[in-house]
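Trainee: sequence plus predicted model, see below.
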Amino acid sequence: MRLKIAMQKSGRLTSHSTDLLIRCGLKFSHYKDQLVAIGENMPFDLLFVRDDDIPDLVEEDVCDLGMVGLNVLEEKRLSIAARGQEARFEILRTLDFGLCRLSIAVPEENSYAGPNSLKGMRIATTYPYLLGEYLKKHEIEATIVTLSGAVEIAPRLGRADAICDLVSTGSTLAANRLREVETLLQSSVVLIRAPALTEPKSDWVERLLMRIDGVQQVRESKYIMLHAPRSALPAIRKLLPGSECPTIIPLEGHPDKVAVHAVCRENVFWETLESLKLAGASSLLVLPVEKMLA
């Protein structure tokens, strides 16, 4: 009994996906151009495939789990619905990487006054179903030009009047003199599962989900230790970012001072430490948190 996890073969999501699994305790060896990595300490095997194929591999029970962008998943779901069928994969978790958005962009020199400005336009995209759903929702008649890549250059080639494509930083749009005008979908990587899993596999999936939750909860967390007068505790509690309940420990030989330990689930900046020191804290130490189980 071994679970198969499908993930992107190459691209910006590959290293993030494998890093998450490593932080969850999975050991495996993966080399360039290797399509399968065998888990060495847990019954998980990784399959490195095209991201467009991941929803199909999971839905058809070829793979038990898949890590794929929500944009890819929703496009697949709509394409299945267009055939009068219902998608059978299930989203288990939204992961905290691969953040981007599917947006419509127009040439910088073009005026734009809302979705109605798209009427009659030719819009180039690799996401025809998501774009089609947006146009239908807003009752916009436009021509969808489906391309397999290099969407951002379509207006300069005269193939389209606007584009619908993924945007992360916006630098690609700026390089092609395009500006973002509408957002169709906020996307990140999601973990999906096959329709039916046997009980032994389900148990391992639940175990993996628990570890993923433990890793994601502390992604930006820091463990802070400091000394402070008891009288300064109310002010210090207010300054600890994202901390629920710090641990207070008496200091031997100093009845009026305590040690404070806290997990802060927000970024701890130099300004935070400076404010804590002004409030009376001393001996401040900030450590990264690798994993945590509630």
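Mentor: On my side now, so go ahead.
Trainee: first to last residue in stretch 44-62, what's the distance?
Mentor: 14 Å (CA to CA, to the nearest Å).
Trainee: er, stretch 119-130 actually
Mentor: Taking CA to CA, stretch 119-130 runs 17 Å from one end to the other.
Trainee: list the buried ones in it?
Mentor: By neighbour count on 16 or more other CB atoms under 10 Å, the buried set for stretch 119-130 is 121-130. (Each C-beta comes from the backbone N, C-alpha and C, glycine too.)
Trainee: how about residues contacting that stretch?
Mentor: Contact partners of stretch 119-130, identified using CB atoms under 8 Å, 6 or more residues apart in numbering, comprise 71, 74-75, 78-79, 82, 102, 104, 131, 140-149, 151, 154-155, 159-165, 184-185.
Trainee: who's His227 bridged to?
Mentor: Per DSSP bridges, the residues bridged to His227 are Ala259, Ser282.
Trainee: that one: neighbour count?
Mentor: 17 (other CB atoms under 10 Å).
Trainee: returning to that earlier point: secondary structure, distance to Val190 and pLDDT added to the buried residues of stretch 119-130, as a markdown table?
Mentor: Listed next are these as a markdown table, based on DSSP: H, G, I helix; E, B strand; the rest coil; distance: CB to CB, whole Å; pLDDT from 0 to 100:
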| residue | secondary structure | distance to Val190 | pLDDT |
| --- | --- | --- | --- |
| Met121 | coil | 31 | 96 |
| Arg122 | strand | 31 | 97 |
| Ile123 | strand | 26 | 98 |
| Ala124 | strand | 26 | 98 |
| Thr125 | strand | 21 | 98 |
| Thr126 | coil | 19 | 97 |
| Tyr127 | coil | 16 | 97 |
| Pro128 | helix | 21 | 98 |
| Tyr129 | helix | 17 | 98 |
| Leu130 | helix | 15 | 98 |
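Trainee: take those and write them to JSON lines, including distance to Pro195.
Mentor: JSON lines is the format used below for the buried residues of stretch 119-130 (distance: CB to CB, whole Å):
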{"residue": "Met121", "distance to Pro195": "39"}
{"residue": "Arg122", "distance to Pro195": "38"}
{"residue": "Ile123", "distance to Pro195": "34"}
{"residue": "Ala124", "distance to Pro195": "34"}
{"residue": "Thr125", "distance to Pro195": "29"}
{"residue": "Thr126", "distance to Pro195": "27"}
{"residue": "Tyr127", "distance to Pro195": "25"}
{"residue": "Pro128", "distance to Pro195": "26"}
{"residue": "Tyr129", "distance to Pro195": "21"}
{"residue": "Leu130", "distance to Pro195": "23"}
